[in-house]
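Asks: After the sequence you'll find the predicted model.
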Amino acid sequence: MAKKIMIQGTMSGVGKSFLAAGLCRIFKEDGFRVSPFKSQNMALNSFVTSEGLEMGRAQVMQAEAAGIEADVRMNPILLKPEGDALSQVIVMGEVYDDMNAADYFREKKKLVPVIEDAFHSLERENDIIVLEGAGSPVEININKDDIVNFGIAALFSSPVLIASDIDRGGVFAQLKGTVSLLKEEEKHYLKGLIINKFRGDPSILGDGVGMIEELTDVPVLGVVPYKDIRLDDEDSLSQGLSGKASGGILDIAVIRLPRISNFTDFKAFEPVSEAGLRYVGNMSELGIPDMLIIPGTKNSLSDLRWLKETGIGKGIRSYAKNGGIVFGICGGLQILGKTLSDPDGNEGGGSEKGLSLLDIDTVFSGEKKRRQLSGVIEGLKGVFSGLNSAGFEGYEIHMGVSEGLTGRAVISKGNVYGTYVHGIFDSKEILETIIKALLKRRGFRDGIYGNSALDMREYKESQYRLLSRTLRKSLDMERIYRIMDEGV
């Protein structure tokens, strides 16, 4: 049977997913067959596997780090928040039900056999499983029948390492408080602590590591430095979605919708030195960007209404009518259309006039389209006509059918574009064509630029290697291997 190690955290956002990904890469480099596993994810960033099944992006990223194909067994339960304490529950890649928190809390015990089957199936195929917890393991008011943290560690007899975030401050309280609130039977699985996101000289910690070990009676297995390592986030509260991007000749703005999903679509722009990527949350931030992107959303109707209420919708229409370039992805495509109708109440019901910048009409139904796809772009006009004949690949994941797409992956009207294809910017050819076209529009002769656009696969590989090197230097890997060998 596979050896196991589980990364839990003192709270959300401490870097559990990145640490798990780094361990997956290290074990792969050391010659082991390794798989990630997270019993339950809550995220709007999701992915579609080659079988057409939906799972959380974090385990997709970790699978990439492990050098294997994403598999829905790595994330058997995915919760996709829909607002008003309601979530769409995805079980083994398929829609299970829409539930409020109370109903799901009562139902989740029934899903334990699904979690067990998925885990044991992976266990038979791998040498090591890197498990990831969720949030904090000591939310003592809701920890009954836990299926994400120590409940999973006990179910699969996995040693646990708890990570903390020193960058936010309060690392002593984080670790001491977390350990002190653990039940005695949970402490049996806890084998080490990790201090994550340390800025500056580690010697500044002085006796801090020893103090933490004395306070908790648990060894600290490493102090991981804060590094600018850019991997896929799963959380819409990600720091990458706030603030104004610095540098870059081009200003590329993404509307930060309240229910924004699959924002990893735009990570391809991050390493391009000519592109400054920023997120817009109100009308005063809109400005006059070189390109404006309307991203995916978990609820197109609600976010369309938000755009109208805030005035951003009017600003988008004005920007487009004055020659601005607008690109809608998935829900953003729907919002740019003429009408959105929800006769069966799948997105709250009702209908709404869209921004009317693309000639499509969308009707929502209970069926979710999920598939990977590839092809060739054709029939585009305007500034991005150079994309015609470019190959693409990506995946669709959406509710609703849009009439007027004419069978094309990308449609256009003037300089307004839309697609259902997530990941379309990951192609180096497509990304370079877009950047060159935008630069040429700004007056740079022939769209000259520094050739800094990267194929996203190559870029991600460079980030996984950097993460592996960082963790090897900062974690006691010899001791981590020993912990896995000894088990619990």
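Replies: That came through fine.
Asks: Wait, a strand at Q8?
Replies: Yes - Q8: assigned to a strand according to DSSP: H, G, I helix; E, B strand; the rest coil.
Asks: check contacts around it.
Replies: Contacts for Q8 were tallied using CB atoms under 8 Å, 6 or more residues apart in numbering; they are 16, 132-133, 137, 149-150, 153, 160-163. C-beta coordinates here come from the backbone N, C-alpha and C atoms, glycine included.
Asks: and if we set it to 10 Å?
Replies: Counting by CB atoms under 10 Å, 6 or more residues apart in numbering, Q8 touches 14, 16, 131-138, 148-150, 152-153, 160-163, 178, 189-190.
Asks: count of neighbours near A2?
Replies: By the criterion of other CB atoms under 10 Å, A2 has 21 neighbours.
Asks: I'd say it and S157 touch.
Replies: No - with contact defined as CB atoms under 10 Å, A2 does not count as touching S157 (11.2 Å).
Asks: measure Y417 to I212 for me?
Replies: 52 Å (CB to CB, to the nearest Å).
Asks: Looking at the two, which is more packed in?
Replies: Legend: neighbour count by other CB under 10 Å for Y417 and I212, higher for Y417 (27 against 22).
Asks: So that one sits against G328, correct?
Replies: Yes - using CB under 10 Å, Y417 makes contact with G328 at a distance of 7.1 Å.
Asks: Could you name every residue contacting both of these two?
Replies: 293, 336, 357-358, 411.
Asks: where does the protein dip in pLDDT?
Replies: Residues of the chain meeting the criterion pLDDT under 70: 84, 234-247, 445-454.
Asks: Can you show me the helices along it?
Replies: 16-29, 57-66, 101-107, 112-125, 150-155, 171-181, 184-187, 208-216, 300-310, 312-321, 331-335, 428-441, 456-474, 477-486 (DSSP state H).
Asks: With distance to E285 as new columns, can these be given to me in JSON lines?
Replies: Formatted as JSON lines, the helices of the chain follow (distance: least, CB to CB, whole Å):
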{"stretch": "helix 16-29", "distance to E285": "28"}
{"stretch": "helix 57-66", "distance to E285": "26"}
{"stretch": "helix 101-107", "distance to E285": "32"}
{"stretch": "helix 112-125", "distance to E285": "42"}
{"stretch": "helix 150-155", "distance to E285": "41"}
{"stretch": "helix 171-181", "distance to E285": "33"}
{"stretch": "helix 184-187", "distance to E285": "45"}
{"stretch": "helix 208-216", "distance to E285": "39"}
{"stretch": "helix 300-310", "distance to E285": "11"}
{"stretch": "helix 312-321", "distance to E285": "9"}
{"stretch": "helix 331-335", "distance to E285": "17"}
{"stretch": "helix 428-441", "distance to E285": "20"}
{"stretch": "helix 456-474", "distance to E285": "27"}
{"stretch": "helix 477-486", "distance to E285": "44"}
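Asks: Point out the most buried one among these.
Replies: helix 331-335 (a mean of 29; mean count of other CB atoms under 10 Å).
Asks: from the middle of its chain, how far away would that one be?
Replies: 19 Å (CA atoms, centre = their mean, to the nearest Å).
Asks: pretty sure F32 is touching K3, no?
Replies: Yes - contact criterion CB under 10 Å: F32 and K3 qualify, at 8.6 Å.
Asks: So for the two, which sits in the more crowded spot?
Replies: K3 (21 against 15).
Asks: Touching, that one and F156? I think so.
Replies: No - taking contacts as CB under 10 Å, K3 lies outside contact range of F156: 11.2 Å.
Asks: Touching both of the two, which residues are there?
Replies: 123, 129.
Asks: Dump stretch 58-69 to PDB, keeping only the CA atoms.
Replies: C-alpha atoms of stretch 58-69 as PDB (Å, rounded to 0.1, in the frame of the first residue of the first chain):
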ATOM      1  CA  ALA A  58      -5.700  22.500  -6.900                       C
ATOM      2  CA  GLN A  59      -5.500  18.800  -7.500                       C
ATOM      3  CA  VAL A  60      -5.100  19.400 -11.200                       C
ATOM      4  CA  MET A  61      -2.100  21.600 -10.400                       C
ATOM      5  CA  GLN A  62      -0.700  19.000  -8.000                       C
ATOM      6  CA  ALA A  63      -1.200  16.200 -10.600                       C
ATOM      7  CA  GLU A  64       0.800  18.300 -13.100                       C
ATOM      8  CA  ALA A  65       3.600  18.700 -10.400                       C
ATOM      9  CA  ALA A  66       3.500  14.900 -10.000                       C
ATOM     10  CA  GLY A  67       3.800  14.400 -13.800                       C
ATOM     11  CA  ILE A  68       0.500  12.600 -14.200                       C
ATOM     12  CA  GLU A  69      -2.900  13.300 -15.700                       C
END
